[in-house]
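J.: Give me a model of this one.
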Amino acid sequence: MKDYKNTNRMITRIFCAIMAFVFWITAIAFLTADTTDKTPGYVLVVLGMICFLPVLLLRKKKDNRQNQKTVHPSPIKQPLAKNQPIHDINKPSDIPTDSKRLQNDLAELTRQAMEQSELFAQKLRAEIDRIQWDIIQNIVPGEPEPLSEVEILFLHYCDGHSIKPFQIAGYWVHDYELDLNQVLQKLFRSGYLAFSDIPFALSKTVVPELKSILSSHNLKVSGKKSELVARILDSVPVQDLWSYNHTHLQLTEEGQRLVQENAYLFFFCKAPVKYSIPIEEAAFEHSLYPDLPAPALARQILTRQLKERQDHKDWGLYRNALSEIAFTYQKEQNDQQAFPLLLQVYLLDALGFENGGLRMPKLGFTSESGVMDIADYLDTRPKTNLKASLQKAAGDLPVTLTPQDLQLAYSHLRRDINETKKQA
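T.: Numbers count the residues shown, from 1 in each chain. Predicted coordinates:
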């Protein structure tokens, strides 16, 4: 029994460590991306720290037990034998073997994560350096060429992007494996993308810089950004603004039309559905059902995934699909359909259902955002019977739950909701 607990504890720590490094690596991608909003990156850093806490806390708990075994509460009743060494848990040689192994595993994971991150960064820098801007500037637009779904997404992404310097999110190279130089040349040849004019570049310029331009020409610096841009265009000589010409990428009218026609794609390139539904599969589904909105298309695909994951008893993946279906309903402001799915997700999480038909209750964890959504729903519908709703949601799951399971999940959910409200 003791060995089982130690093994289970070690698995928990390794799992938490891996999740922490996943969050941190993703945070690096966000923080190095060319975007003014770094909030998702900071949030992922915090989530990584939260995930890493159990690694430290479980080690501390284990060390405390080791001290209890080696330090007697009463030296009078159980005196140390002559020349018997006192165990010092702080000495590296006295650290338990399992802890040493975990430390080595964590060090190796850290090393691999840093190496992978550096390789990604080097590959991205190399791709950006390969872009032949001198050739792109001399391209004369011709007949439009067909674009893949990923190229259309990249076209939309490029709109308003500065080329001095040109910085983009790493996933275009790491995940989508785009050849940036070839794709940019293709977009310019097809007449979908062009270099910006002065008004467009000023609209993408930060307010302090706009005020600096106005101040240098003794013009009024107060007002909204749109007013500042208009004042510059009306009062500042064009020759003084020439440095703002061709500084950004800008969609042409044809590019705007193409992006608008494929607007459904943008739903599938954002979390959480981007991790479960390939863009190509979304495009194929759209070709079969062109009139269906993007959330409904996603539900059709995810419902098929549910059946496959149920057949393989991959409850972790099953839970992810349920969560994403709930997300599609939330995007349609249909919280009534999303609520029972969120409860099912909570049940699978809290009771420790994992892939491969495994159930590990001690490793069960719950989604904070899911609990917040449940709490928000109950706040807007105070007459909802949570216990009855949880029982109904359990009845719709393809797993067997006992009354004790339901009572445990209900008490934990009540606790989590109360904690969420205290933090709000």
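
J.: element containing residue 405, please.
T.: helix 403-423 (DSSP states H and E).

J.: In this structure residue 159 contacts residue 252, no?
T.: No. Contact between residue 159 and residue 252 fails when scored by Cβ atoms under 8 Å: they sit 10.0 Å apart. (Glycine included, C-beta is placed from N, CA and C.)

J.: Now the helix holding residue 405: buried residues?
T.: The neighbour-count check on helix 403-423 (16 or more other Cβ atoms under 10 Å) flags 405, 406, 408, 409, 410, 412, 413, 416, 417, 420 as buried.

J.: Could you check how far the second one is from residue 393?
T.: If you measure residue 406 against residue 393 using Cβ to Cβ, to the nearest Å, the figure is 10 Å.

J.: just the third one next, same as before
T.: Applying Cβ to Cβ, one obtains 15 Å for the distance of residue 408 from residue 393.

J.: and if you look at the fifth one?
T.: Between residue 410 and residue 393 the distance is 11 Å, computed by Cβ to Cβ.

J.: measure stretch 152-170 end to end?
T.: 17 Å (Cα to Cα, to the nearest Å).

J.: what does the helix holding residue 405 rub up against?
T.: 346-347, 350-351, 366, 368, 371-372, 374-375, 378, 386-387, 390-391, 394 (Cβ atoms under 8 Å, 6 or more residues apart in numbering).

J.: got any ranges where the chain has weak pLDDT?
T.: When residues are selected by pLDDT under 70, those of the chain lie in 1-12, 24, 27-43, 45-46, 52, 54-99, 362-364, 424.

J.: Do a quick rundown of the strands in it.
T.: 193-195, 249-251 (DSSP state E).

J.: right, so of these, which gets closest to residue 117?
T.: Smallest distance to residue 117 across the strands of the chain (Cβ to Cβ): 27.0 Å, for strand 249-251.

J.: tell me what the closest one is packed against?
T.: helix 149-158, strand 193-195 (3 or more Cβ pairs under 8 Å, 6 or more residues apart in numbering; DSSP states H and E).

J.: would you turn these into TSV with mean neighbour count?
T.: Shown next, in TSV, are these (neighbours: other Cβ atoms under 10 Å):
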stretch	mean neighbour count
helix 149-158	20
strand 193-195	21
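
J.: Now render the ones you listed as CSV, adding distance to residue 283.
T.: Formatted as CSV, the helices and strands packed on strand 249-251 follow (distance: least, Cβ to Cβ, whole Å):
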stretch, distance to residue 283
helix 149-158, 5
strand 193-195, 21
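
J.: Tell me which of these sits nearest to residue 298.
T.: helix 149-158 (14.5 Å).

J.: Would you pull up how far that closest one lies from the middle of the chain?
T.: Relative to its parent chain, helix 149-158 has a centroid offset of 20 Å by Cα atoms, centre = their mean, to the nearest Å.

J.: for stretch 250-264, same thing?
T.: Centroid displacement of stretch 250-264 relative to its chain, using Cα atoms, centre = their mean, is 26 Å.

J.: Alpha carbons only: can I get that stretch in PDB?
T.: Output of stretch 250-264 as PDB, limited to C-alpha atoms (Å, rounded to 0.1, in the frame of the first residue of the first chain):
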ATOM      1  CA  GLN A 250      -2.400  45.700 -46.100                       C
ATOM      2  CA  LEU A 251      -5.200  43.600 -47.600                       C
ATOM      3  CA  THR A 252      -6.400  44.700 -51.000                       C
ATOM      4  CA  GLU A 253     -10.100  44.800 -51.900                       C
ATOM      5  CA  GLU A 254      -9.700  41.300 -53.400                       C
ATOM      6  CA  GLY A 255      -8.000  40.100 -50.300                       C
ATOM      7  CA  GLN A 256     -10.800  41.500 -48.100                       C
ATOM      8  CA  ARG A 257     -13.400  39.800 -50.200                       C
ATOM      9  CA  LEU A 258     -11.600  36.400 -50.000                       C
ATOM     10  CA  VAL A 259     -11.200  36.700 -46.200                       C
ATOM     11  CA  GLN A 260     -14.900  37.600 -45.800                       C
ATOM     12  CA  GLU A 261     -15.900  34.600 -47.900                       C
ATOM     13  CA  ASN A 262     -13.900  32.300 -45.600                       C
ATOM     14  CA  ALA A 263     -14.700  33.900 -42.300                       C
ATOM     15  CA  TYR A 264     -15.800  30.500 -40.900                       C
END
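
J.: Okay, buried residues for that stretch please.
T.: Here stretch 250-264 shows 250, 251, 252, 255, 258, 259, 262, 264 as buried, counting by 16+ other Cβ under 10 Å.

J.: And the residue nearest the centre of the chain?
T.: Among the residues of the chain, residue 271 comes closest to the average C-alpha position under Cα atoms, centre = their mean, at 6.2 Å.

J.: how close does it get to residue 19?
T.: To residue 19, residue 271 is 16 Å away according to Cβ to Cβ.

J.: mind checking which of the strands of the chain is nearest residue 324?
T.: Comparing the strands of the chain by Cβ to Cβ, strand 249-251 comes nearest, at 29.8 Å.

J.: Other residues contacting the closest one?
T.: 155-156, 158-161, 163, 192-197, 200, 259.

J.: who does it pair up with?
T.: strand 193-195 (antiparallel) (DSSP bridges).

J.: So what touches the strand it pairs with?
T.: Contacts of strand 193-195 (Cβ under 8 Å, 6+ apart): 137, 141, 155, 158, 163, 184, 187-188, 245-252, 255.

J.: now stretch 347-363
T.: Applying Cβ under 8 Å, 6+ apart, the contact partners of stretch 347-363 are 8, 11-12, 15, 312-319, 322, 364-367, 370, 390, 393-394, 397, 399, 401, 405, 408-409, 412-413.

J.: From the residues you listed, list just the buried residues.
T.: Buried members of the contacts of stretch 347-363, counted by 16+ other Cβ under 10 Å: 12, 15, 313-315, 317-319, 322, 364, 366-367, 370, 390, 393-394, 397, 399, 401, 405, 408-409, 412-413.

J.: What about the residues you listed, which are in helices?
T.: Per DSSP state H, helices hold the following members of the buried ones among the contacts of stretch 347-363: 12, 15, 315, 317-319, 322, 370, 390, 393-394, 405, 408-409, 412-413.

J.: what's the closest of those residues to residue 214?
T.: residue 370 (48.2 Å).

J.: didn't the closest one look like it was pressed against residue 323?
T.: Yes. Judged on Cβ under 8 Å, residue 370 makes contact with residue 323 at a distance of 7.0 Å.
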